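Chemist: coords please:
(chains A, B, C and D)
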There are 2 protein chains.
Amino acid sequence: MRTTIKDIAEYTGFSVTTISLVLNGKGTKIPEKTKQIIFKAVEDLDYRPNQIAVGLVKKRTNTIGLIISDIRNVFFSNLAKGIEDECRRNGWNLVLCNTNDMHERDMAYIRVLADKGVDGILYAMSIDSDHEKAMESLTLMDSIKIPYIMIDRTFRQKCCHYVVTDHEVGGYLATKHLTDLGHRRIACVTGPLHLDDSKFRLDGYRRALEEASIPYDPALIYEGDYTVEGGREGINKLLSETFTAVFAFNDMSAYGVYNVLKANGYNIPDDISLVGYDNIFFSELLDTPLTTIHQPIYEVGIEATKRLIEMNEKKPIDKLERVIEPYLVVRKSTSAVKLEKTEANESVK
Amino acid sequence: MRTTIKDIAEYTGFSVTTISLVLNGKGTKIPEKTKQIIFKAVEDLDYRPNQIAVGLVKKRTNTIGLIISDIRNVFFSNLAKGIEDECRRNGWNLVLCNTNDMHERDMAYIRVLADKGVDGILYAMSIDSDHEKAMESLTLMDSIKIPYIMIDRTFRQKCCHYVVTDHEVGGYLATKHLTDLGHRRIACVTGPLHLDDSKFRLDGYRRALEEASIPYDPALIYEGDYTVEGGREGINKLLSETFTAVFAFNDMSAYGVYNVLKANGYNIPDDISLVGYDNIFFSELLDTPLTTIHQPIYEVGIEATKRLIEMNEKKPIDKLERVIEPYLVVRKSTSAVKLEKTEANESVK
DNA sequence: CTGTTAGCGCATTCAC
DNA sequence: GTGAATGCGCTAACAG
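Modeler: Just a heads-up that it's a prediction; the model follows:
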């Protein structure tokens, strides 16, 4: 049996209260001698407070719940690492919940986390959350009265705390890099466009286009799903159009584009430039290292965790709207557009 | 305030006991009518038992602790996904702990998990655990009296439950594939050799060599650390030797080898064949898709979780020694050795 | 300065 | 069939 506070009370002869007091640093007026004895006993009996009991009375578990779609997604595992690192620094713990992008699981996990008494939830909404579903899960979140912060994905129709990267700027940066290189026909493999992040990246894309006086052509836009397979399908569809560059809305779909392009004999970047989004560490390992937008997602995890813990310390919680800036990482998959395309390509071979 | 069992007792007029009884399916002798009323009240008041209170009295939390080095490692995130999936199916939860391969963190997390009252621990020991440290953490694990299973990495000097893949067979398979292709000089970039898994893969390598009557040459062995950087360093050192194939003990270091080899103008597989280990999803996305050993690590997660949950259900826990077989995945990074190497290479160019 | 008394929310004997 | 009493291990008034 685990030693309890009672055991060390008997062992020392002091009452349970005294023990609790000194162990929680509230024994201001307890003689040094008594403390010594108690600490020694704690040492001798290897006593550690049962956190379940502590949690029951304090209504605090020092635990955060993380709801994401799939930890195997490198993007999310980076996020999770940031969160867990910050948790550890503060003596907190992390409960991991994968929803596989199913809204019902969002709902189920929110309830479970509430039942377990977590002190906060970090929430990356399921990809299948349309307006109604998003509303439903956020209403549930509000009803359980546990602080929560939305990460990565937002849902602006409802006011809530969030820590995100600036997807509009990211989309802009990626596209501007391409227009700066002279590209005027830029295809897009987006993510699901009912998601704010995808929507914003597309906004950024359009802004960069406008600045370069390039008309927006819907025929160049393929709505993907952030997967390698989606990237493959997208570029296959897109290949009937003419373009000199592709902007994939995440690195995973960029890999799909990359594969199909190379398989079809295209040279990257000589024939077609490619820029991704996320800066997954694999991207620099490709034979043609991928130019991409770096999202400081690890930092998002840290920041969100810090704030969530803060919310548990002090009362005043003003609206948290933290936007972290992404930046462009130029590697080998993009180059200036060839003025006389066909000829240029020939000369390369 | 959250509704408690007391609330629904008052609401229905029945006692707390009765509520508890029917909600836990132990009200065999309670009239259907009463049950109906209670269930209705639960519905009306949206009552859900506080799991902290339940945990305190039942001494069960239905929670598993997972100790790994770094969730960003694709290998571990696959493992974690398997674990969490199986947890969810059983109504359990997962607490994630990253140790960054630091033994002291293993120790700290083991204690924390015990304090939180998890019902089981899945433990992948820190990479820096030498004999003494391994002994220390396993002794601690034993002392806290919580069921635990070692995953991926074992420590055979001490008897404990484990679920692993067969590293010896994996090493054998990888090497045999190479010897079958005619390679006789096969370089190795291993993992830390004080780890059982690396040690066993090397054993497998030697067995395949013996079978092919190839002498073991220590000069071809570089002890790496399972990182991309380690792979780079390893191959740079090894390049002074002659060999026609490289066996990297995990895909990450294979990427390092791959990069350096290509950067130095070697063609894979024409000049040098390369086989990795792990079958990370990224390996098939390389320009030269990597031949590698697939470790069913997701399945390891599921299996380990199942057994850990079982240990909480029934008493009889016999020694668990589950070994899951890996298999070879042949892709494009390996080919038959060229008989007249130099000449053959020239003709390719 | 320290001990007594009450719960936290729930499950579980044991009576009625 | 149902309820009152007890306690899980701990913290926190409140006394003294």
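Chemist: CA atoms for contacts and neighbours, from now on please.
Modeler: OK.
Chemist: low-confidence ranges in chain A?
Modeler: A:315-316, A:339-349 (pLDDT under 70).
Chemist: helices of that one, residue ranges please.
Modeler: A:5-12, A:16-23, A:32-45, A:51-58, A:74-89, A:103-115, A:131-143, A:167-180, A:196-211, A:228-238, A:251-263, A:297-313, A:341-348 (DSSP state H).
Chemist: does the third one come close to DNA strand D?
Modeler: No: using C-alpha under 7 Å from any atom of the strand, helix A:32-45 never reaches DNA strand D; the gap is at least 10.7 Å.
Chemist: quick check: residues of chain A near DNA strand D?
Modeler: Contact residues (C-alpha under 7 Å from any atom of the strand) of chain A with DNA strand D: A:2-6, A:16-17, A:20-21, A:24, A:48-51, A:53-54, A:56-58.
Chemist: can you narrow these to ones near chain B?
Modeler: Restricting those to those near chain B by C-alpha under 8 Å from any C-alpha of the partner chain leaves A:Arg2, A:Arg48, A:Pro49, A:Asn50, A:Gln51, A:Ala53, A:Leu56.
Chemist: tell me the contacts of the second one?
Modeler: Which is A:Arg48. A:Arg48 is in contact with A:Thr3, A:Thr4, A:Val42, B:Asp115, counting by C-alpha atoms under 8 Å, 6 or more residues apart in numbering or on different chains.
Chemist: any chance of CSV for the helices of chain A, columns mean neighbour count and distance to B:Ile309?
Modeler: Formatted as CSV, the helices of chain A follow (neighbours: other C-alpha atoms under 10 Å in any protein chain shown; distance: least, C-alpha to C-alpha, whole Å):
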stretch, mean neighbour count, distance to B:Ile309
helix A:5-12, 17, 29
helix A:16-23, 17, 34
helix A:32-45, 15, 30
helix A:51-58, 17, 20
helix A:74-89, 22, 24
helix A:103-115, 19, 18
helix A:131-143, 15, 29
helix A:167-180, 24, 42
helix A:196-211, 21, 39
helix A:228-238, 21, 35
helix A:251-263, 24, 35
helix A:297-313, 20, 30
helix A:341-348, 10, 61
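Chemist: can you say which of those is nearest to B:Arg89?
Modeler: helix A:103-115 (11.6 Å; C-alpha to C-alpha).
Chemist: what packs against that closest one?
Modeler: The helices and strands touching helix A:103-115, judged by 3 or more C-alpha pairs under 8 Å, 6 or more residues apart in numbering or on different chains; DSSP states H and E, are strand A:63-68, helix A:131-143.
Chemist: so which of those comes closest to B:Phe249?
Modeler: When the helices and strands packed on helix A:103-115 are compared (using C-alpha to C-alpha), the closest one is strand A:63-68, at 31.0 Å.
Chemist: how far does that closest one sit from its chain's centre?
Modeler: 12 Å (C-alpha atoms, centre = their mean, to the nearest Å).
Chemist: with stretch A:144-157 instead?
Modeler: For stretch A:144-157, the distance to the chain centre is 12 Å (C-alpha atoms, centre = their mean).
Chemist: ditto for stretch A:26-41
Modeler: Here the centre of stretch A:26-41 is set off from its chain's centre by 45 Å, with C-alpha atoms, centre = their mean.
Chemist: re earlier: out of the contacts of A:Arg48, which is nearest to DNA strand C?
Modeler: Nearest to DNA strand C among the contacts of A:Arg48 is A:Thr4, at 13.2 Å by C-alpha to the nearest atom of the strand.
Chemist: name all residues that make contact with the closest one.
Modeler: So A:Thr4 contacts A:Tyr47, A:Arg48, A:Pro49, A:Asn50 (C-alpha under 8 Å, 6+ apart).
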